[in-house]
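Chemist: Sequence plus the predicted model coming up.
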Amino acid sequence: MDVFETLAQNDIGVLDPVKRVSSAENITYILKNEKRTVNRLRALALAIEKGLG
């Protein structure tokens, strides 16, 4: 599972690929809306932690 590719999907919208190359591990990404993205990732991490506990 490629986490970066998943986070770059339109329905998630956390990352934006900047430099695409043929090899997936060499793609460069940039955060979209940094503050909003950080808050969304924190909320996701908290939800995962609650689900595990």
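Modeler: Looks like it came in fine. Owing to the predicted nature of the structure, the values given are computational and were not obtained by experimental measurement.
Chemist: and the gap between Leu41 and Val14?
Modeler: Per C-beta to C-beta, to the nearest Å, Leu41 is found 7 Å from Val14. All C-beta spots, glycine's among them, are computed from the backbone N, C-alpha and C.
Chemist: which residues does Lys19 bridge with?
Modeler: Thr28 (DSSP bridges).
Chemist: ok, it - how many residues close by?
Modeler: 9 (other C-beta atoms under 10 Å).
Chemist: from what I can see it touches Thr28, true?
Modeler: Yes - using C-beta atoms under 8 Å, Lys19 is in contact with Thr28, at 3.9 Å.
Chemist: Leu41 and Val14: who's more crowded?
Modeler: Val14 (19 against 13).
Chemist: Can you give me the buried ones in the longest helix along the chain?
Modeler: The residue-count maximum for a helix in the chain (DSSP state H) belongs to helix 34-52. Within helix 34-52, the residues that count as buried by 16 or more other C-beta atoms under 10 Å are Thr37.
Chemist: where does Met1 land on pLDDT?
Modeler: What the model reports as pLDDT for Met1 is 56.
Chemist: Would you list the phi and psi of Ile27?
Modeler: phi -70, psi 140 (degrees, to the nearest 10).
Chemist: Neighbours of it, how many?
Modeler: 17.
Chemist: That one is in contact with Lys19, isn't it?
Modeler: Yes - Ile27 is within contact range of Lys19, at 6.6 Å (criterion: C-beta under 8 Å).
Chemist: so how far is Ile27 from Arg42?
Modeler: 24 Å.
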